[in-house]
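1. Dropping a prediction and its sequence here:
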Amino acid sequence: MSTVQNFSHNNVNNKLSRMKEWRVPASIVAKRTKNPIREIVYNMNVTPNPEKEYISLALGDPTHYGNFKIHENCIDAVITQLKSHKANGYVPSVGVESARIALAKKFSTKEAPLTSEDIVLASGASDALSLAISVLCNEGQNILLPRPGFSLYQTLSESKGIECRYYNLLPDRNWETDLDHLSSLIDDKTACLLINNPSNPCGSNFTRQHLESILSLCEIYKLPVICDEIYEDMVYGDNIFYPLANLTKTVPILKISGLAKRYLIPGWRVGWIFIYDYNNILNEVRSGLASLANLILGANSLIQNALPDIIMNTPQSFHDETDKLLEENAKLSANVLGKIPGLHVIVPQGAMYMMVGINIEEFKDINNDIEFSEKLVQEESVLCLPGKSFHYPNYVRIVTTAPAEKLNEAYQRIKEFCARYHV
Ligand SMILES: Cc1ncc(COP(=O)(O)O)c(C=O)c1O
């Protein structure tokens, strides 16, 4: 039988100011956690024209239109695990051993060997990024981020009280890093450099020489690198993807990747960190990552257990097909948009994005990329994210994964829209 416990009011400290009224503020961390894209889009009027079918070219989710299909092997791998009744429990925080062994086997190269000890699994590349930033940076330090760049880097960093410093990427050099600008931002409080290759939002893929130049700079300043390679190998044409870790024996690297894009399963939420450190510079960081991995008691057990099968038995032809479709869409997008007066495109080399520049002074009644995107959706029901979402005004980002007929329809409408405003 339960009894009501009497609380003695004699023990109450009447002086506590908290007793006057209820006050439950959100934490400082919550308040400084911002999603720049959401904030920009919330403040825009993105009501589509009801007379035209809505086409979003804004979502970086390749499953959105259903034209990029996942491979049957991935489905079977999960069904097998589900039916085994062995993949339902908690897993080690750093990840299931069989998954880490399979990843080490699949991604080891002669230049950059890996063991399962070098791998931490996470809940998507986003969680892997969060762990990597947390383990390398302290509150009050700064991190170097690409501009234009994926806005989650800012969200994660600012949430942890880390100052973001943005280094320029150069559109007329296929979005290569402006190394002089980058080096001008470095000081004693710089914790690390983050690079993203191939890039969201640029669709660029760095050459080997450019990656080597970045590594030389890191060597001079003794800067560790977080290298977000979630779009690894998703390149087309003559472009070759070079994993950064293959190109250095001295610069310590935390490489980020995952299943989301390469296997077209972003919702399955498994990503990872590979630790590349040949000179024991990251010893503390290595155990720090193991500690931080405890924060969520491990990523999805079902998918981690299916991972060896997914990465070992999905045929290369599946990836080739994906890249072919991405290439066709990128070509179509660059061809059509590149001919529209008032716009200029930087032809993508990889990933699933393209940045389109707006020669804003050539447009009447449109003063910036936000107004361009807003009017475009209101009049033509086509949504593209304004470049401001990536710290890069007077551009828009196009996601090139929609089916060709949708892209063609959207681009035809963009053409008519531009013709109305171009002077
Ligand atoms: C550059 C980049 N890194 C990381 C992520 C997040 O990946 P995940 O879905 O595995 O968390 C994305 C998702 O769009 C991305 O574009």
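-> Everything's here; your move. Residues are numbered from 1 along each chain as shown.
2. C-alpha coordinates for the one helix or strand residue 78 maps to, PDB please?
-> Applying DSSP states H and E as the criterion places residue 78 in helix 72-84. Extracted in PDB, the C-alpha atoms of helix 72-84 (Å, rounded to 0.1, in the frame of the first residue of the first chain):
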ATOM      1  CA  GLU A  72      17.300  -5.200 -53.700                       C
ATOM      2  CA  ASN A  73      20.400  -6.400 -51.900                       C
ATOM      3  CA  CYS A  74      20.000  -3.600 -49.300                       C
ATOM      4  CA  ILE A  75      16.300  -4.600 -48.700                       C
ATOM      5  CA  ASP A  76      17.300  -8.300 -48.400                       C
ATOM      6  CA  ALA A  77      20.100  -7.500 -46.100                       C
ATOM      7  CA  VAL A  78      17.700  -5.800 -43.700                       C
ATOM      8  CA  ILE A  79      15.000  -8.500 -44.000                       C
ATOM      9  CA  THR A  80      17.600 -11.200 -43.100                       C
ATOM     10  CA  GLN A  81      18.700  -9.300 -40.000                       C
ATOM     11  CA  LEU A  82      15.100  -8.600 -39.000                       C
ATOM     12  CA  LYS A  83      14.200 -12.300 -39.300                       C
ATOM     13  CA  SER A  84      17.300 -13.400 -37.400                       C
END
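3. could you say what helices and strands whichever helix or strand comes after it packs with?
-> Downstream of helix 72-84, the first helix or strand assigned by DSSP H and E is helix 97-107. Applying 3 or more CB pairs under 8 Å, 6 or more residues apart in numbering; DSSP states H and E, we find helix 97-107 packed against strand 119-122, strand 271-276, helix 301-313. In this view, the C-beta of every residue, glycine as well, is placed from N, C-alpha and C.
4. Let's see that with 7 Å instead.
-> strand 119-122, helix 301-313 (3 or more CB pairs under 7 Å, 6 or more residues apart in numbering; DSSP states H and E).
5. So which of these is the most surrounded?
-> Comparing the helices and strands packed on helix 97-107 by mean neighbour count (mean count of other CB atoms under 10 Å), strand 119-122 comes out on top with a mean of 26.
6. I'd like to know which of the helices and strands packed on helix 97-107 is closest to the ligand.
-> strand 119-122 (8.4 Å; CB to the nearest ligand atom).
7. pLDDT averaged over that closest one, what's the number?
-> Averaging pLDDT along strand 119-122 gives 98.
8. That one: how far from the chain's middle?
-> Distance of strand 119-122 from its chain centroid, counting by CA atoms, centre = their mean, to the nearest Å, is 16 Å.
9. can you start the count at 223 instead of 1 from here on
-> Happy to do that; since the first residue is 223 now, the last one works out to strand 341-344.
10. What is the distance between the next helix or strand after that strand and the centre of its chain?
-> Downstream of strand 341-344, the next assigned helix or strand under DSSP H and E is helix 346-358. Between the centre of helix 346-358 and the centre of its chain there are 11 Å (CA atoms, centre = their mean).
11. Packing partners of helix 346-358?
-> Other elements packing on helix 346-358 under the criterion 3+ CB pairs under 7 Å, 6+ apart are strand 341-344, helix 374-381, strand 447-450, strand 475-480, strand 493-498, helix 505-514.
12. count of residues packed around whichever residue of the chain sits closest to the ligand?
-> For the chain, the residue closest to the ligand is residue 346, as judged by CB to the nearest ligand atom, at 2.9 Å. Look at residue 346: counted by other CB atoms under 10 Å, it has 22 neighbours.
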